[in-house]
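**Student:** Everything below, folded, please.
(one chain, ligands or ions: 1)
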Amino acid sequence: MKAFVTGGAGFIGSHLVDKLIEKGYKVTVYDNLSSGRKQFLEQHTNNNNFTFIEDDLLDLEQVKKEIRGHDVVFHIAANPFVRLGEKQTRLDLEQGMIVTYNILESMRVNGIKKIVFSSSSVVYGETNEPSLPENYGPLLPISLYGAGKLGSEGLITAFCGTFDFQTWIYRFANVVGSRGTHGVIVDFIEKLRKNPGELEILGDGKQQKPYLYVSDCVDGIIFGFEKSNDMINLFNLGCDTNTTVKRIAEIVVKEMKLRDVKFKYTGGKRGWKGDVPRFQLDASKLNQLGWKATLTSDEAVRKATHDLLEANL
Ligand code: NAD
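**Tutor:** Numbers count the residues shown, from 1 in each chain. Okay, the predicted model is just below:
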């Protein structure tokens, strides 16, 4: 099977490429390297089943040309920084919805009908639900990033309804692990390298979210893709435990073998405007098909910290 992976040079995308190649897929990565790194894919350079295209998904004509001949699109590219929408209000419209439209339209003109999409838990917005199932509604995201994801989901299901596409949409928990280039663990490591005596923590440290290890994430993506065959296959992808930001700080401090670090909280219940301070995903739909995260949230955070310190990227 020939897979076209957008964002395949990124953190999650490159792990997905590793797994697809291992499973015998022919893979084309299309990535503009805005936040991805070519070195994450260097292990495939001499593999005949692997092609890398450095280009931008905003270039519709280029996407139409390069996507031709593939059987399935794994659309993983996006602006990964949830906070940026506060300062750049067009970003998630362009890197979310316009890019997704360009891919769908390129698929339509080339007769490609299967799309796997990396959505996010942020589409649920801020709720009082202890655990969010896929059929929870109304979906009211509170960040522009979340709006970009929800809008993209809508475009994808519209192409299913109008042009007989088939989709696998995954709403990820927070994903962590080797090759991570952003997020709370990377942030803490960078801050502690600069000042090992004190750590600034955004918010009150009580924000509580599920953290999924990256290999569990890509296994879940491929598992759902291979095992479910509805027109719209919508799955939460997470673990059933969670970790507070304070606990993450403690794990990072311990893994860095530091002592007597003073935690300095910026205060308030959320890290930034648009941050959902607490949520839990109900992943039982994918669990019932036979996939389950192998690591708990705390274990994922610890292993990711260890990976990142070891890689020293
Ligand atoms: P990442 O930044 O490492 O990967 C994104 C990749 O997309 C990068 O390689 C980047 O260069 C590429 N890209 C971005 N805009 C592009 C464009 N216009 N044209 C071509 N390539 C482009 O981020 P990630 O953490 O690996 O996230 C992957 C996907 O998963 C994203 O869609 C993200 O929104 C989603 N997601 C991630 C998390 C998480 O915790 N990391 C959680 C929920 C959802």
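**Student:** Close to the ligand: what parts of the protein are there?
**Tutor:** Within the chain, the residues that sit near the ligand (CB under 6 Å from any ligand atom) are 7, 9-13, 31-36, 56-58, 76-78, 80, 95, 99, 118, 120, 172, 174-175, 181. All C-beta atoms are positioned from the backbone trio N, CA, C, and that covers glycine.
**Student:** first to last residue in stretch 249-261, what's the distance?
**Tutor:** The separation between the terminal residues of stretch 249-261, taken as CA to CA, to the nearest Å, is 10 Å.
**Student:** mind checking how far that stretch is from the chain centre?
**Tutor:** From the chain centre to the centre of stretch 249-261 is a distance of 26 Å (CA atoms, centre = their mean, to the nearest Å).
**Student:** And stretch 66-86, by the same measure?
**Tutor:** Between the centre of stretch 66-86 and the centre of its chain there are 10 Å (CA atoms, centre = their mean).
**Student:** Which parts of the chain belong to which domain?
**Tutor:** Here the domain parsing of the chain from automatic domain parsing is 2-175+213-237, 177-209+241-280+294-310.
**Student:** Just put those domains in TSV and tack on mean pLDDT.
**Tutor:** As requested, the domains of the chain are arranged in TSV below (pLDDT from 0 to 100):
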stretch	mean pLDDT
domain 2-175+213-237	98
domain 177-209+241-280+294-310	96
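**Student:** and the residues of the chain next to the ligand, which of them are in helices?
**Tutor:** If you go by DSSP state H, the residues of the chain next to the ligand have 11, 12, 13, 99 in helices.
**Student:** what about the strands in the stretch 51-200 of the chain?
**Tutor:** For the stretch 51-200 of the chain, the strands defined by DSSP state E, counting those that start in this stretch occupy 72-75, 114-120, 166-172, 174-176, 198-201.
**Student:** Could you dump these into a markdown table and include mean neighbour count?
**Tutor:** Shown next, in a markdown table, are the strands of the stretch 51-200 of the chain (neighbours: other CB atoms under 10 Å):
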| stretch | mean neighbour count |
| --- | --- |
| strand 72-75 | 26 |
| strand 114-120 | 23 |
| strand 166-172 | 22 |
| strand 174-176 | 25 |
| strand 198-201 | 17 |
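**Student:** right, and these - which one's nearest residue 296?
**Tutor:** For the strands of the stretch 51-200 of the chain, the distance to residue 296 is smallest for strand 174-176, at 12.3 Å, taking CB to CB.
**Student:** What strands flank that closest one, and is each parallel or antiparallel?
**Tutor:** strand 211-213 (parallel) (DSSP bridges).
**Student:** Please compute how far the partner strand lies from its chain's middle.
**Tutor:** From the chain centre to the centre of strand 211-213 is a distance of 10 Å (CA atoms, centre = their mean).
**Student:** same check, this time on stretch 144-151
**Tutor:** Using CA atoms, centre = their mean, we find the averaged C-alpha position of stretch 144-151 to lie 13 Å away from the chain's own average C-alpha position.
**Student:** Dump the strands of the stretch 51-200 of the chain into TSV; add distance to residue 185 as well.
**Tutor:** TSV is the format used below for the strands of the stretch 51-200 of the chain (distance: least, CB to CB, whole Å):
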stretch	distance to residue 185
strand 72-75	25
strand 114-120	17
strand 166-172	16
strand 174-176	6
strand 198-201	12
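**Student:** Mind checking which of the residues of the chain next to the ligand are buried?
**Tutor:** For these, a neighbour count by 16 or more other CB atoms under 10 Å gives the buried set as 7, 9-13, 31-32, 35-36, 57, 76-78, 80, 95, 99, 118, 120, 172, 174-175.
**Student:** list the contacts for the closest residue to residue 142 other than its chain neighbours?
**Tutor:** For residue 142, the nearest residue in space outside its immediate sequence neighbours is residue 125; the separation is 5.0 Å by CB to CB, 6 or more residues apart in numbering. Under the criterion of CB atoms under 8 Å, 6 or more residues apart in numbering, the contact list for residue 125 reads 139, 140, 141, 142, 146, 276.
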